[in-house]
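Engineer: Quick one: sequence plus predicted model below, questions after.
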Amino acid sequence: MPKKSASKSRGKSQEKKETLEDKLSMKKELIWTRISEKEKKEIFRFAEEYKAFLSVAKTERECVEEMVKEAEKKGFVPYEKVKKPAPGKKFYIAHKNKAVAFVVLGKKPPLEGTRMVAAHIDSPRLDLKQNPLYEDGDTQIALFKTHYYGGIKKYQWANIPLALHGVVFTSKGKKVEVVIGEEPDDPVFTVCDLLPHLARGEQAARKMPEVLKGEELNIIVGNMPVEDEEVKHRVKTWVLDYLNKKYGIVEEDLTSAELTAVPAGPARDVGFDRTMVGGYGQDDHASAFPAFRAILDIDVPEHAAIALFFDKEEIGSDGATGAQSRLPEQVIGDMLALYMPDYRYAHLRKALLNSKVLSADVNAAVNPTFKNVHEMMNASKMGYGVVITKFTGHGGKYSANDATAEYTTEIRLLFNKHKIPWQLGELGKVDEGGGGTVAKFLAKYNMDVIDCGPSVISMHSPFEITSKADIYYTYRAYSVFMEKS
């Protein structure tokens, strides 16, 4: 009887036998270890689009403007121009320049439900106060007073280059758009901290939240006096003269302006391998951009697809442009009106009830330096795919949307079917972490809602970190949800 070759015998003996643990256990792997070179190239290509968006759309107004401009190139039209419904018809509803919905009508009418991905496009920042400009008499330095927006570590906003973004309306009603600090030859602005040599006393004794206090987040804007020595506030007047000559603005116009200071400069690659993106506003642009790109690429979905982008999430989703407004009702109601001009409120309630939603928001990725704040079995890790967050809230799930087992199962099986890498996550240890999203406000319409988005390191800082692989597969996840579910 012929002998088996030694090489074949060794190969067979080295084959790994599937164990009971292999059959029954859940395994999650780093995306980079399981994808092809072709997929890697697509991930890096998509990341360039994402970085470009992240670099220009730093406020909710800029997001809406950029999205509408790109959507119109893809055939989306204002809702008012849609006369008759048809599968694949594309339109948008812009709301007060700060929120926007993009819709692709499906094969089924909206009464049978929609597939909605809802993100927010506001981010933590420093807003200028309504009466912001002053001159310090002792130093003759002009500054802007600010009121921080959203949850920030205030000390992180000192000693970094800041750009000024926003809108000002003159006394004649002219709208002036302001972006200063993003071009290489632009000036930038900054909040100045105290040098270590002089911080050993009172400031050193402060607790972390008060290393810099809210009223100390003053932005330096000038030091040049006007030539007229009779002027009382010569440096402040120089700044006002500059603004007047360049933009036609007087000081009273600042009282109704929306001006905000954000980190200056573009998004950047992070790491020798360039696998990560660093930049401002990734909470929640890391979800918003994939959702926007997904709706642009949809052809004819089964159910009507909606990508809805809210403002004000970082301060509780209040106001006319936040998720607690009636905007979801308006969007779905306007859709119903195309099919049923005389629809009743009962029809709207049914359309909402039959709809399903992904609350597109980020989760906190494990920071390897501070792992102790996470319960590692249920923490999300960067580079492991889109994060399904069944519940948010804090402590005993207070202020949470807690998705049902049925809907959570539906989403994970959908992602499995389409080979979307996903992981589970919660925001820190039970009694240490917590946070909120728009999910609970959409759930009040009786829709199925679950949080789903990428994970972020250094969330709410001026320079947040995400994985390019996570961003790409978040886009894929939103695409299959809106088009295939």
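Structural biologist: Received, thanks. Numbers count the residues shown, from 1 in each chain.
Engineer: What are the neighbouring residues in contact with the closest residue to Ser380 other than its chain neighbours?
Structural biologist: Nearest in space to Ser380, with sequence neighbours left out and distances taken as Cβ to Cβ, 6 or more residues apart in numbering, is Gly425 at 3.1 Å. For glycine as for every other residue, the C-beta is placed from the backbone atoms N, C-alpha and C. Counting by Cβ atoms under 8 Å, 6 or more residues apart in numbering, Gly425 touches Asn363, Ala364, Asn378, Ala379, Ser380, Val387, Ile388, Thr389, Ser455.
Engineer: So how do I select the buried members of those residues in ChimeraX?
Structural biologist: Per 16 or more other Cβ atoms under 10 Å, the buried members of the contacts of Gly425 correspond to this ChimeraX selection:
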select :363,364,379,380,387,388,389,455
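Engineer: Of the contacts of Gly425, which is the nearest to Glu49?
Structural biologist: Nearest to Glu49, judged by Cβ to Cβ, of the contacts of Gly425 is Ser455 at 20.0 Å.
Engineer: can you tell me which of the contacts of Gly425 lies nearest to Phe53?
Structural biologist: Using Cβ to Cβ, the contacts of Gly425 come closest to Phe53 at Ser455, 19.1 Å.
Engineer: Who is the closest one paired with across the strands?
Structural biologist: Asn363 (DSSP bridges).
Engineer: Hmm, it is touching His374, no?
Structural biologist: No - in this structure Ser455 lies outside contact range of His374 using Cβ atoms under 8 Å: 11.0 Å.
Engineer: joint contacts of those two?
Structural biologist: Both Ser455 and His374 are contacted by Ala364, under the criterion Cβ under 8 Å, 6+ apart.
Engineer: Run through the helices of this structure in chain order.
Structural biologist: Secondary structure of the chain (DSSP state H): helices at 6-14, 20-24, 37-56, 60-73, 234-247, 282-297, 327-339, 345-353, 405-417, 439-443, 468-484.
Engineer: right, so of the ones you listed, which gets closest to Glu314?
Structural biologist: Distances from Glu314 to each of those were compared using Cβ to Cβ; the minimum, 8.2 Å, belongs to helix 282-297.
Engineer: how far away is Phe91 from Pro454?
Structural biologist: Distance, Phe91 to Pro454, using Cβ to Cβ, to the nearest Å: 28 Å.
Engineer: who's more crowded, the two?
Structural biologist: Pro454 (33 against 22; other Cβ atoms under 10 Å).
Engineer: Need the nearest residue in space to that one, chain neighbours excluded.
Structural biologist: Spatial nearest neighbour of Pro454, excluding adjacent residues (Cβ to Cβ, 6+ apart): Asp470 at 3.9 Å.
Engineer: surely the one you found meets Met382?
Structural biologist: Yes - here Asp470 reaches Met382: they are 6.5 Å apart, a contact under Cβ under 8 Å.
Engineer: neighbour-wise, which of the two wins?
Structural biologist: The residue with more neighbours, out of Asp470 and Met382, is Asp470; 32 against 23, by other Cβ under 10 Å.
Engineer: quick one: contacts for the more buried one?
Structural biologist: Contacts for Asp470 (Cβ under 8 Å, 6+ apart) come out as Ile31, Ala286, Met382, Gly383, Tyr384, Gly385, Val386, Pro454, Ser455.
Engineer: coming back round to it: which residues do Asp470 and Met382 both contact?
Structural biologist: Ser455.
Engineer: Okay, now the unreliable bits of the protein?
Structural biologist: Scanning the chain for pLDDT under 70 picks out the ranges 1-15.
Engineer: wait, doesn't Thr321 sit right on Ala94?
Structural biologist: No - counting by Cβ under 8 Å, Thr321 sits too far from Ala94 to count as a contact (10.6 Å).
Engineer: Pick out whichever of those two has more residues nearby.
Structural biologist: Neighbour comparison, Thr321 and Ala94: the larger count goes to Thr321, with 24 against 18 (by other Cβ under 10 Å).
Engineer: any idea how far that one lies from Thr437?
Structural biologist: Distance from Thr321 to Thr437, counting by Cβ to Cβ: 16 Å.
Engineer: Parallel or antiparallel, which strands does the lengthiest strand in the chain pair with?
Structural biologist: What stands out as the longest strand in the chain, according to DSSP state E, is strand 125-136. Applying DSSP bridges, strand 125-136 is found paired with strand 141-149 (antiparallel), strand 258-263 (antiparallel).
Engineer: On the strand side of things, show who Phe189 bridges to.
Structural biologist: Taking DSSP bridges as the rule, Phe189 bridges to Leu162.
Engineer: So Phe463 sits against Gln282, correct?
Structural biologist: No - with contacts counted by Cβ under 8 Å, Phe463 stays clear of Gln282, the gap being 9.2 Å.
Engineer: neighbour-wise, which of these two wins?
Structural biologist: A count of neighbours by other Cβ under 10 Å puts Gln282 above the other of Phe463 and Gln282, at 29 against 17.
Engineer: Pretty sure Ile457 is one of the things that one touches, is it not?
Structural biologist: No - counting by Cβ under 8 Å, Gln282 stays clear of Ile457, with 9.6 Å between them.
Engineer: Among the contacts of Asp470, which one sits closest to Tyr79?
Structural biologist: Once Cβ to Cβ is applied, the member of those that ends up nearest Tyr79 is Ala286, at 27.7 Å.
Engineer: ok so, going back, need the max-distance pair from the contacts of Gly425.
Structural biologist: Using Cβ to Cβ, these span at most 14.3 Å, a distance reached by Ala364 and Ile388.
Engineer: how does the chain divide up, domain by domain?
Structural biologist: 31-123+280-484, 125-263 (automatic domain parsing).
Engineer: what residues are up against the residue minimising distance to the centre of the chain?
Structural biologist: Among the residues of the chain, the one closest to the centroid is Asp284, at 1.2 Å (Cα atoms, centre = their mean). Contact analysis of Asp284 by Cβ under 8 Å, 6+ apart lists Ala119, His120, Ile121, Ser123, Glu313, Ala360, Asp361, Val362, Gly453.
Engineer: rewinding a little: looking at the strands paired with strand 125-136, which one is packed in the most?
Structural biologist: strand 258-263 (a mean of 22; mean count of other Cβ atoms under 10 Å).
Engineer: what's that one in contact with?
Structural biologist: Contacting residues not belonging to strand 258-263 are listed as 58-59, 61, 123, 125-128, 132, 144, 146, 149, 160-168, 178, 189, 219, 280-281, 462-463 [Cβ under 8 Å, 6+ apart].
Engineer: The residues you listed, buried ones only, as a PyMOL selection?
Structural biologist: Provided next is the PyMOL selection string for whichever of those are buried by 16+ other Cβ under 10 Å:
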select buried, resi 58+59+61+123+125+126+127+128+132+144+146+149+160+162+163+164+165+166+168+178+189+219+280+281+462+463
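Engineer: Compile the contacts of Asp470 into JSON lines and extend it with columns for distance to Tyr79.
Structural biologist: Converted to JSON lines, the contacts of Asp470 look like this (distance: Cβ to Cβ, whole Å):
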{"residue": "Ile31", "distance to Tyr79": "38"}
{"residue": "Ala286", "distance to Tyr79": "28"}
{"residue": "Met382", "distance to Tyr79": "38"}
{"residue": "Gly383", "distance to Tyr79": "39"}
{"residue": "Tyr384", "distance to Tyr79": "39"}
{"residue": "Gly385", "distance to Tyr79": "35"}
{"residue": "Val386", "distance to Tyr79": "30"}
{"residue": "Pro454", "distance to Tyr79": "30"}
{"residue": "Ser455", "distance to Tyr79": "34"}
